[in-house]
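Q: structure for the following, please:
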Amino acid sequence: MRYDKGVRAMGRVGVCLASVSSVLVLVGPTSAAAHEVGLAYQAGNGHFSIQLTGGEVPGGGDPDGRGSATLDLDPNKTQACFTITWSQLRGQVTALHLHVAARGGEGPQWIDFFDHQSFPGARSTASGCVPSSHDNINAVIRHPADYYLNVDSTTLGKGAIRGRLS
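A: Numbering: from 1, shown residues only. Presented below is the predicted three-dimensional model:
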């Protein structure tokens, strides 16, 4: 049987469309699955941005002090990473901890990022990663508003600046 040129061209187009559809069917679910995994990590909210001020410290912290921090908490790697920048703090910065407590309260340290360090209070940045248990990290991810980040200084040992996670 013989087909004219138009039918042969439509046959080729059909074969091309079938090939492209097959590729999309094979690639589509993989891309969607990868996308969902990426969203699942973001939706788990292991990333936090925190503003820190002296006014957040019960009883008053450093009134001129300011800071900002990011936390990346990864329960699968059992590590907590941080980057913090501060300015206008009196004395030397000596510690950075994540605490658990109701708003306005003080509570125990939950994750220690650094202790007994010495950074200039006027302006500085620190970053790093520390090990933390899978359970501790998941607790923060599930209920971030129960936790606050606290910066201690030689002048204000119980808190120069702090900020609540959300």
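Q: need the residue closest to the centroid of this structure.
A: Averaging the C-alpha coordinates of the chain gives a centre point, and the residue nearest to it by C-alpha atoms, centre = their mean is His47 (1.6 Å).
Q: who does the spatially closest residue to it that is not a sequence neighbour bridge with?
A: In space, not counting the residues next to it along the chain, His47 is nearest to Asp72; the distance is 5.4 Å by C-beta to C-beta, 6 or more residues apart in numbering. Every C-beta, even on glycine, is put in place using the N, C-alpha and C of the backbone. Beta-bridge partners of Asp72, counted by DSSP bridges, are His47, Cys81.
Q: surely Asp72 and Ser127 touch.
A: No: in this structure Asp72 lies outside contact range of Ser127 using C-beta atoms under 8 Å: 10.4 Å.
Q: quick check: neighbours shared by these two?
A: 81-82 (C-beta atoms under 8 Å, 6 or more residues apart in numbering).
Q: which strands and helices sit next to the host helix or strand of Trp86?
A: Using DSSP states H and E, Trp86 maps to strand 79-87. Counting contacts by 3 or more C-beta pairs under 8 Å, 6 or more residues apart in numbering; DSSP states H and E, the secondary-structure elements packed against strand 79-87 are strand 66-74, strand 92-100, strand 109-114, strand 123-131, strand 147-153.
Q: let's have the ones you listed in JSON lines, adding mean neighbour count and mean pLDDT.
A: Formatted as JSON lines, the entries for these read as follows, by neighbours: other C-beta atoms under 10 Å; pLDDT from 0 to 100:
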{"stretch": "strand 66-74", "mean neighbour count": "20", "mean pLDDT": "97"}
{"stretch": "strand 92-100", "mean neighbour count": "20", "mean pLDDT": "96"}
{"stretch": "strand 109-114", "mean neighbour count": "18", "mean pLDDT": "96"}
{"stretch": "strand 123-131", "mean neighbour count": "13", "mean pLDDT": "96"}
{"stretch": "strand 147-153", "mean neighbour count": "25", "mean pLDDT": "96"}
